[in-house]
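In: let me see the structure of the following:
(4 chains)
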Protein chains: 4
Amino acid sequence: MSFTPMPLEHSLEFRVSYYETDGQARVHHSQYLNFFERGRVELMRFLGHSYRNLEATGLMLVVAEMNVRYLGAAQFDDILKLTTSVTEARGATIRHAYRLVRSDDDSLIVQADSRIACVDRDGRVRRLPAYLRVV
Amino acid sequence: MSFTPMPLEHSLEFRVSYYETDGQARVHHSQYLNFFERGRVELMRFLGHSYRNLEATGLMLVVAEMNVRYLGAAQFDDILKLTTSVTEARGATIRHAYRLVRSDDDSLIVQADSRIACVDRDGRVRRLPAYLRVV
Amino acid sequence: MSFTPMPLEHSLEFRVSYYETDGQARVHHSQYLNFFERGRVELMRFLGHSYRNLEATGLMLVVAEMNVRYLGAAQFDDILKLTTSVTEARGATIRHAYRLVRSDDDSLIVQADSRIACVDRDGRVRRLPAYLRVV
Amino acid sequence: MSFTPMPLEHSLEFRVSYYETDGQARVHHSQYLNFFERGRVELMRFLGHSYRNLEATGLMLVVAEMNVRYLGAAQFDDILKLTTSVTEARGATIRHAYRLVRSDDDSLIVQADSRIACVDRDGRVRRLPAYLRVV
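Out: Numbers count the residues shown, from 1 in each chain, chains lettered A, B, ... in the order given. You can find the predicted model right below:
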């Protein structure tokens, strides 16, 4: 029997705001981490879950590792397309990959991957809820 | 009998970081509110109190009103001097005034005033602790 | 002869991101200024103009005054609706008013007004381009 | 003949501001990149150079790669100590390593490394000025 898993991937388009740029007239490199965060939240929503509800149960997802390669520069008013995918989700860990392109010419701006840990309010590592685990 | 009150005023010097500038190569106008916040926290510390401890008692100070006049532009690496003063502190309200100058030429960059409200975790307005009130 | 001017007003809906909240689990008060900036840019686009193009001509719009009243608290994942309107635009000055509500219950979060000045790259005040002036 | 190179390392102490925390009451993970940026600028100053002056010559240093491991959580009002070191500086590339600890208990919060590229205003890769190269 063949089996095609639901793709754990979501794309998001948005414009660069002025306040996200820095004195080099480019998006400041720290801002991309904010974009990735939005990507994770929207991917979770797309899969039918709510990060707000997760926190209401006393669990939090915290970023444990973030690796970013900056390959291009985004500017104010550019429309960007961020594709966020889950590459692993088991135990207390979710790994994501990110690919951010400029929408008009599909040029690659940033690539990244991250490792997220599930913890409780006291910071103790906790198993992911079943609905977030990928077998 | 004469009486000279302790001046409820504190000055803080700091450098502008690159990430605080925007595509106009100036400090982004929203960043000044972050500087003011630091000014309030350090003024409170200077007066012998700790905002962290205040929140630990279940109270929070929230910004209820903020009025800012931008008179000059600060740039990356400028050294700025922020003077924060309490102009009123009674009931559930603290009013501050802010004056931000560039240190080298004393030119005025921003002037502002704000009204802060004391609330509890449920957002209900609460009387300021006695040590924060100014008769 | 009656005359009904085009309403110089635009509304924008967006979700609160996690990084826009602070340790009080509310949107940090400085973030609203970033939302207003987005509101001004999108209002200009709605009226057929581009702020990016304006800057390409050597002019910049800088915030000269900002007055904000915080009436409620927005939280992570809330959907907010920002209405930005031009209340005056002549000489070198544009005045805007802002009204931000939570979309689901229409409760008022923030009200604000601002004064924007048109300057050139050297910071000299310049007349607004005709297409931005409102008679 | 023995040779002891000047240590290309600088430490910086600073307090966590309220606006740098997020709804988890911890420093938001993107903020650490801003701290690292400050670390690089102050390291350069400590070595006798000015990043502002470098940009005035038409060169810019842009972040090409950033790898961060988050090992602990910093909170509002914590005093942090950031040690920034140059691990390589030749051609058009500078590599830095970062180590951020909480000052009071020396507990490790974040470790990171980055690769910075020297470019001109048009984004073309350019050799580092001699004074920034380490043989």
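
In: how would you label the residue nearest to residue A:48 when sequence neighbours are not counted: helix, strand or coil?
Out: Excluding its sequence neighbours, the residue lying closest to residue A:48 (CB to CB, 6 or more residues apart in numbering or on different chains) is residue A:131, at 8.0 Å. Backbone N, C-alpha and C define where each C-beta goes, glycine included. Put simply, residue A:131 is helix when judged by DSSP: H, G, I helix; E, B strand; the rest coil.

In: now for residue A:82, how many residues are close by?
Out: Residue A:82 sits with 23 neighbouring residues when counted by other CB atoms under 10 Å in any protein chain shown.

In: correct me if wrong: the residue nearest to residue A:48 contacts residue A:50.
Out: No - using CB atoms under 8 Å, residue A:131 and residue A:50 do not qualify as a contacting pair, with a distance of 10.8 Å.

In: how close does residue A:29 sit to chain C?
Out: Distance, residue A:29 to chain C, using CB to the nearest CB, to the nearest Å: 15 Å.

In: for residue A:19, same thing?
Out: For residue A:19, the distance to chain C - CB to the nearest CB - is 5 Å.

In: tell me where the longest helix sits in chain A.
Out: Ranked by residue count, the top helix of chain A under DSSP state H comes out as helix A:31-46.

In: what mean pLDDT does that one get?
Out: For helix A:31-46, mean pLDDT rounds to 97.

In: any part of the next helix or strand after it near chain B?
Out: Using DSSP states H and E, the helix or strand that directly follows helix A:31-46 along the chain is helix A:51-56. No - judged by CB under 8 Å from any CB of the partner chain, helix A:51-56 stays clear of chain B, getting no closer than 15.5 Å.

In: which of the residues in helix A:51-56 are buried?
Out: For helix A:51-56, burial by neighbour count (16 or more other CB atoms under 10 Å in any protein chain shown) applies to A:51-52, A:54-55.

In: touching chain C at all, it?
Out: Yes - interface with chain C: helix A:51-56 contributes A:51-52 (CB under 8 Å from any CB).

In: before we move on, back to that, okay, the buried residues of helix A:51-56 in a markdown table with distance to residue C:100 and pLDDT next?
Out: Putting these into a markdown table (distance: CB to CB, whole Å; pLDDT from 0 to 100) gives the following:
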| residue | distance to residue C:100 | pLDDT |
| --- | --- | --- |
| A:51 | 22 | 96 |
| A:52 | 19 | 95 |
| A:54 | 26 | 96 |
| A:55 | 23 | 94 |
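
In: ok, those vs chain B, which is closest?
Out: If you rank the buried residues of helix A:51-56 by distance to chain B using CB to the nearest CB, residue A:55 comes first, at 16.0 Å.

In: how much space separates the closest one from residue A:119?
Out: According to CB to CB, to the nearest Å, residue A:55 and residue A:119 sit 11 Å apart.

In: please apply the same query to residue A:31.
Out: Distance of residue A:31 to residue A:119, given as CB to CB: 25 Å.

In: try residue A:132
Out: According to CB to CB, residue A:132 stands 14 Å off from residue A:119.

In: quick check, the longest helix of chain A touching chain B?
Out: No - for helix A:31-46 and chain B, the contact criterion (CB under 8 Å from any CB) is not met; the two come no nearer than 8.9 Å.

In: in the sheet, who's paired with the nearest residue in space to residue A:116 that is not next to it in sequence?
Out: Leaving out its chain neighbours, the residue that sits closest to residue A:116 by CB to CB, 6+ apart is residue A:94, at 4.5 Å. Bridge pairing for residue A:94 (DSSP bridges) gives the partners residue A:89, residue A:116.

In: what do you get for the one 4 residues further on?
Out: For residue A:98, the beta-bridge partners are residue A:84, residue A:112 (DSSP bridges).

In: ok, it to chain D distance?
Out: Taken as CB to the nearest CB, the span from residue A:98 to chain D is 13 Å.

In: ok, residue A:30 next?
Out: 4 Å.

In: isn't that residue right next to residue D:30, touching?
Out: Yes - if you go by CB under 8 Å, residue A:30 and residue D:30 touch, sitting 4.8 Å apart.

In: enumerate the residues of chain A near chain D.
Out: Checking chain A against chain D by CB under 8 Å from any CB, the hits are A:23-24, A:26, A:29-31, A:33-34, A:37, A:55, A:60, A:62-70, A:73, A:123.

In: may I see the ChimeraX selection of the buried members of those?
Out: To isolate the buried members of the residues of chain A next to chain D in ChimeraX, using 16+ other CB under 10 Å:
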select /A:23,24,26,29,30,31,33,34,37,55,60,63,64,65,66,67,68,70,73
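
In: show me the residues of chain A next to chain D that map onto strands.
Out: Cross-referencing the residues of chain A next to chain D against strands under DSSP state E gives A:60, A:62-70.

In: now distance to chain B too, for these, in TSV please.
Out: Output for these, formatted as TSV (distance: CB to the nearest CB, whole Å):
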residue	distance to chain B
A:60	18
A:62	21
A:63	18
A:64	23
A:65	22
A:66	17
A:67	20
A:68	15
A:69	19
A:70	15
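
In: that older thread, quick one: is the longest helix of chain A near chain C?
Out: Yes - counting by CB under 8 Å from any CB, chain C is contacted by helix A:31-46 at A:33-34, A:37-38, A:41.

In: and that helix, what's buried?
Out: Those would be A:31-44, for helix A:31-46 by 16+ other CB under 10 Å.

In: contacting residues around residue A:16?
Out: A:27, A:74-80 (CB atoms under 8 Å, 6 or more residues apart in numbering or on different chains).

In: what about 10 Å?
Out: Counting by CB atoms under 10 Å, 6 or more residues apart in numbering or on different chains, residue A:16 touches A:26-27, A:31, A:35, A:74-80, A:102, B:23, C:52.

In: the nearest residue to residue A:9 once chain neighbours are set aside: neighbouring residues, count only.
Out: Spatial nearest neighbour of residue A:9, chain neighbours left out: residue A:85 (4.0 Å); criterion: CB to CB, 6+ apart. When neighbours are defined as other CB under 10 Å, residue A:85 has 17 of them.

In: now do the contacts for residue A:85.
Out: With CB under 10 Å, 6+ apart, residue A:85 has these contacts: A:7-11, A:39, A:43, A:95-99, A:113.

In: do you know the pLDDT at it?
Out: Here the pLDDT value assigned to residue A:85 is 97.

In: list the buried residues in stretch A:86-101.
Out: In stretch A:86-101, counting by 16+ other CB under 10 Å, buried: A:86, A:89, A:92-101.

In: how about low-confidence regions in chain A?
Out: A:1-7, A:135 (pLDDT under 70).

In: hmm, 90 instead?
Out: Within chain A, the stretches with pLDDT under 90 are A:1-7, A:22-25, A:134-135.
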